[in-house]
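Engineer: Turn this into a model:
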Amino acid sequence: QVQLVESGGGLVQAGGSLRLSCAASGRIFSTSNMGWFRQAPGKEREFVAAISWSGGRTYYTDSVKGRFTISRDNAKNTVYLQMNSLKPEDTAVYYCAAAPFSFVVATTPDKYDHWGQGTQVTVSS
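Structural biologist: Numbers count the residues shown, from 1 in each chain. You can find the predicted model right below:
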């Protein structure tokens, strides 16, 4: 089992920044690929960013490239999402997710088997 706890969400003006954190416990974190997803009201959960178990590979959805950065600290069992130049369309509940070890880093929710409770990010215009 893996337990994931997100933090760092909140209300920010457009153009501002937030850093989300996801603390993990349970299954060996250092061998889990990690992802961030988000879900806005009335919309499906969508992929935001993912990072390989070693941290050597990162992936982003096109709408956040150049603005968001995913990183991880395996010594602290924590994955981060630095969000800069936030836009109102980034408003959503953001979820951290863990996937079993694989050389392929997934970008679809079905490949992730553990999820956090979510943290709300609201960007005002």
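
Engineer: Please point out which parts of stretch 23-34 sit buried.
Structural biologist: Within stretch 23-34, the residues scored as buried using 16 or more other Cβ atoms under 10 Å are 23, 24, 27, 29, 32, 33, 34. For every residue, glycine as well, the C-beta is placed using N, CA and C.

Engineer: now, which of those residues sits nearest residue 57?
Structural biologist: Nearest to residue 57 among the buried residues of stretch 23-34 is residue 33, at 9.0 Å by Cβ to Cβ.

Engineer: pLDDT score for the closest residue in space to that closest one that isn't next to it in sequence?
Structural biologist: Once flanking residues are discounted, residue 33 sits nearest to residue 99: 4.5 Å by Cβ to Cβ, 6 or more residues apart in numbering. With respect to pLDDT, residue 99 scores 94.

Engineer: So in that sheet, which strands flank the helix or strand harbouring residue 6, and in what orientation?
Structural biologist: Residue 6 belongs to strand 2-7 when assigned by DSSP states H and E. Next to strand 2-7 in the sheet, as set by DSSP bridges, lie strand 18-26 (antiparallel).
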